[in-house]
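Asks: Take a look and give me a structure for this.
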Amino acid sequence: MSTEETYSAEMLAGLLGLPQPTTQQVEVIEAPMAPVLVVAGAGSGKTETMASRVVWLLANRHVSVDGILGLTFTRKAAGELAARIGKRIAALQDIGILDPAADALFDRPEVSTYNAYANALFRDNALLVGREPESVLLSEASAWRLARRVVVRHGDERLATLGKSVDQVAELVLSLSHELAEIDGTTEELLGFVERFVGIGELPDGGRGAYAQIDQAVEVVGALPVLLDLAHRYADEKRRQGLVEFSDQVALALAACERSPKVAAVARDRAGVVLLDEYQDTSVVQTRLLSTLFADHPVMAVGDPHQSIYGWRGASAANLARFSRDFGREVAATQFNLSTSWRNDRTVLEAANVLVRPLQQQAQTAGKLRVLDLEPKPGAGAGSLAVEFPETGAEEIRVVAEWCADRLLAERGGDPAGSAAILFRARRPMQEFADGLAALGVPHHILGLGGLLSSPEIVDVTAALRVIHDPGAGSSLIRLLSGPRWRIGVHDLGHLVEVARYLQAIDWKTKRYDAELAARLRESVADDDGRSIIDALDFIAADRVPAGLAAGFTDEARSRLREAGLVFASLRRRAGSGLPDLVRAVERELRLDIEVVANESTGSAARAPARLQAFHDEVISFIQAEEQVTLGSLLAWIDRSLARDDLGPASDAPDQGAVQLLTIHGSKGLEWDHVAIPRLVVDELPAKPKDGKGWVRLGTLPYDFRGDAAELPEFAWRTAETRKEVVDAQLAFSEALGERALDEERRLAYVAVTRAKHDLLLTGSFWSGDRKRPRAASTYLLELASAGAIAPLPAASAFEENPVDSGAAVLDWPLDPLGARRSVVERAAAEVDQRRGRSESELLATLGPLENELTLLLEERRRAATTTARGELPVRIPASKFKEFVTEPEAALERLRRPVPQRPYRQTRLGTRFHSWVEAHYGRFGLQELVDALPEELDVERPGPDASEGIGFDELTERFLASEWADVRPIEVETEIHVPLGDTGRVVVCKLDAVFERGDRFEIVDWKTGAVPTTPEDVRNASFQLALYRLAYAHHREVDPERIDAVLYYVSHDVQLRPERLYSEEELLSEWERSFGEAAESQSSNDEVSI
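Replies: Predicted coordinates:
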């Protein structure tokens, strides 16, 4: 577009008070309006550069604000990009480059996740592909259970030959179903391929061997038709029930585009400029969708081939190399680079460049991409790189723990040392390193669902759930009985087995079986089959153990076992009251809520219960996503989650003062001041290639039918004339797969190293566990040593045999629940005993100069105290929930602690769909938070008693179109604003549906699809939400609240609710303090009691 005045990137940076861009950044910011690929190295400031690109485009009138589309992978990344762009747009308006009064600039850019964008495209065009727009999104757990039901219901006798369990077949069907969403070919072609491949089993040997591996390959590939049939039945079942998965959304959106060219035309008209973030992580089908929509369009894709680490979920590292072909069909595409690291110190960058150099050479040799070395930013620090390679795994754990402790306790320039992480190739060794940190009292936590489920307190909870559910869960019971709650010793646990053996030999009348029946039982079952120590514990709790048998227990153990039996019997009776209540009851009975707060290695007392709450939230999410919820299904979901490594990106932000443990896959997009990478040994990092079979594996789609087949190794079986030639071809195929896997491992190492801002520790050890042979140092360490980046490594172990003593060891058992903390805890307890009975004033008098400071702290505690556990209040309070907190605070907190899962009511889905439709009516999709948000974050109405009688979607849209707002252009749509609630430390989250400008006034409108309030109390409660919206928008717009009107529009009834007056900020704060302050006074009076 032409313009009267052209702004350069440097000029705009000066006007906005931003740092001057580098030469590379200027090239990207001022790139032509054509397909552009930006190869951006780790930490190279791509988000900042993309935001500056938007500023340049807007300032030079190349695009309007609502013509910008930005896509990325996570909600967190989308939120960061949207916030940065929004801030720059506001700055352009402030300095007069953009006119805030121009209607064309009132809409915001559309910034979304790839999945959310595809979902919106699918819903808008669902009828084109024979689907319903309101299709329900399946959770991962629900998808697996649906696949399992399909397998059970449509069981095929051919499945018996596979030698797999129902659960394993369901996993295969689900995996194949996801691959079929991206198939490049037809089902008939696939079946023909299988038929031809099976024919290699009839080839002559051509050598001396029988080549049994050929028969194995024929067997697994020959099983594809039955699994394919089940995958199709699974797809049919999803269609019949109106269900979709994430993979379906992209595939169905692509199908709609291919079926109607108008779909792509509308998308191109709406998006004048497209920004594609993390492009190296897109799958083939996502790339096909995006190129179908935006080929030859002004598209800027930003990515790093060296950070392509999600190949297991369909991402293709070749997407970046294919960008010119996919998007530059008639308009030539251009490549730019960003290679200045704004994150890493010099030593860290040196290591990263050494590790990634082989990948750079491969890319240059193949003529694919120009990838540059990372360069330090101006004034970058030196950083530090330490390497330790002790003899044993135990020594390695101690080295890593001490290194982390030193950095978290040290100070950098007078400030706390900051954040730290330990990054793992696999989750398996995490707990050992966590134990090492705990031994030194270093606060830490394991990230990810797998890490959550592996944390000690959650393992205890799930162990108790197993004991309640399964009489055969003896190992879980032993964990709990020998743990800190009951501390039963080895002798007494052994005698519990004797009680179980006794029960196995008696009938329900406690009479022994006669000799003949006992003999038959012994012949028909295994020795320990039918023997249950859980039943034995119940027997003890019922006080039915014969005196002679009971005498085998110590007196203390007999008492504790009886108590444990009564506890589990009580919990078993509560199993029918709902899983959330049961989980909370288990936590209380095991006293885990107390233990996690008392154990300082879990972090601060305020955040200590976080993992218990996180597990509770996961249980709630599972229930909300499941059609049939049982304790058994929950345990099956937990087992499945534990069996899978945490390979997705983590959403947790770095935690100051604590060490976070997570997988390298999960670390992508994050950074820490200090990073340790352990287990850098052969076959761990890099990991040993799996089996080298590739697609010649049960339930796997042949590479010929993948969209990226050209970039994948080829199995040249077609040209073979003998079985020996097939084996030779398979060996070459396996070697090529191994090289490809090693490339991905090298990318993982690069990602891990570049997470460190300042300090990096690399470790390994020769001996771990009971290995018979030492492990050599990782090739990555050898390369760093060869390049001079680290000191030379020890050439070999000093031991010929494993120095770890595998013989008998002396161990106090049960373990001391306080462990290394015992001396500290006992000293603290002694201090409490000495001061017991003394008043607060007497205690203060003994403190000397600390008296004034402690008095102030106690006063601060009084003001913050509440009988409803103020610390349990969430920091973020949704505006729609504010009235619950001020009108019934105890009930609101109870719902927070023990939320009741909500069924996916039709009326709730209708409200969500209507809000999305209104957004689209006003010309934008927004951030698509309705797709990606957690259930508790959605600001939609819960159905009332008459929910089933509500009107339909078409009637809602008709009434909206007849309303006064249908043809008025809003200045805000679906705007989320966070407003602090005085000095309470709480933030109210306000999601404004629409804001309109009425002369010199503003009008906030909240669309409602539920029932109209009928009582004065209901109207008063509704007015809280409008008052908060008015306050939030006044802060956001920096205008007097009195210039803002607010209305609730009940669309289904065509009724407007305009309260006569709205609460002021002072009144809202007063209502909050009244609800949570009266209890504080009561608590304060209790502070005067003796200690």
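
Asks: Quick one, grab the pLDDT at G383.
Replies: What the model reports for G383 is a pLDDT of 96.

Asks: Now do the buried residues in the longest helix anywhere in the chain.
Replies: Looking across the chain with DSSP state H, the single longest helix is helix 723-753. Of all the residues in helix 723-753, those buried under the rule 16 or more other C-beta atoms under 10 Å are 723-727, 729-730, 733-734, 736-737, 740-741, 743-753. Every residue, glycine included, has its C-beta placed from N, CA and C.

Asks: After it, which helix or strand is next?
Replies: Heading C-terminal from helix 723-753, the first helix or strand you meet, by DSSP states H and E, is strand 756-763.

Asks: buried sites along the helix or strand just after that following strand?
Replies: Downstream of strand 756-763, the next assigned helix or strand under DSSP H and E is helix 779-786. Residues T779, Y780, L781, E783, L784, A785 are the ones in helix 779-786 that count as buried (16+ other C-beta under 10 Å).

Asks: One more: stretch 240-253?
Replies: In terms of neighbour count (16+ other C-beta under 10 Å), stretch 240-253 has its buried residues at L243, V244, E245, F246, S247, D248, Q249, V250, A251, L252, A253.

Asks: what about A795, neighbour count?
Replies: Counted with other C-beta atoms under 10 Å, residues neighbouring A795 total 7.

Asks: In three-state terms, how would it be classified?
Replies: Here A795 takes the coil state, with states given by DSSP: H, G, I helix; E, B strand; the rest coil.

Asks: quick one: it from G788, how far?
Replies: Going from A795 to G788 by C-beta to C-beta, to the nearest Å gives 17 Å.

Asks: Turn the buried residues of helix 779-786 into a markdown table, columns for pLDDT and distance to G67.
Replies: Putting these into a markdown table (pLDDT from 0 to 100; distance: C-beta to C-beta, whole Å) gives the following:
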| residue | pLDDT | distance to G67 |
| --- | --- | --- |
| T779 | 96 | 49 |
| Y780 | 97 | 45 |
| L781 | 97 | 50 |
| E783 | 97 | 47 |
| L784 | 97 | 47 |
| A785 | 97 | 52 |
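
Asks: From the residues you listed, pick the one nearest E1017.
Replies: Minimum separation from E1017 among the buried residues of helix 779-786 (C-beta to C-beta) is found for Y780, which lies at 66.7 Å.

Asks: ok, now which ones touch the nearest residue to F73 once chain neighbours are set aside?
Replies: Distance criterion C-beta to C-beta, 6 or more residues apart in numbering; nearest residue to F73, sequence neighbours excluded, is E278 at 5.2 Å. Neighbour list for E278: T72, F73, A77, V302, G303 [criterion: C-beta atoms under 8 Å, 6 or more residues apart in numbering].

Asks: Quick one, which of those are buried?
Replies: Buried among the contacts of E278 (16+ other C-beta under 10 Å): T72, F73, A77, V302, G303.

Asks: Among those residues, name the ones in helices.
Replies: A77.

Asks: In the buried ones among the contacts of E278, find the pair that's most separated.
Replies: By the measure C-beta to C-beta, A77 and G303 form the most distant pair in the buried ones among the contacts of E278, at 12.8 Å.

Asks: Quick check: neighbours shared by the two?
Replies: By C-beta under 8 Å, 6+ apart, A77 and G303 have these common neighbours: D277, E278.

Asks: Under the pLDDT cut-off, which ranges of the stretch 451-600 of the chain? List them.
Replies: Across the stretch 451-600 of the chain, residues meeting the criterion (pLDDT under 70) sit at 507-530, 599-600.

Asks: now do the stretch 1-150 of the chain
Replies: For the stretch 1-150 of the chain, residues meeting the criterion pLDDT under 70 lie at 1-5, 100-107.

Asks: do the stretch 651-800 of the chain as well
Replies: Per-residue confidence of the stretch 651-800 of the chain (counting by pLDDT under 70) places the weak regions at 651-653.

Asks: Next, the angle strand 756-763 makes with the longest helix of the chain.
Replies: 130 degrees (axes from the mean of the first three to the mean of the last three C-alpha atoms, to 10 degrees).

Asks: Show me what helix 723-753 packs onto, helices and strands only.
Replies: Using 3 or more C-beta pairs under 8 Å, 6 or more residues apart in numbering; DSSP states H and E, the elements in contact with helix 723-753 are helix 212-222, helix 346-365, helix 664-667, strand 672-677.

Asks: Distance from the chain centre to the helix or strand where D954 lies, please.
Replies: Using DSSP H and E, D954 falls within helix 953-961. In terms of C-alpha atoms, centre = their mean, to the nearest Å, the centre of helix 953-961 is found 37 Å from the chain centre.
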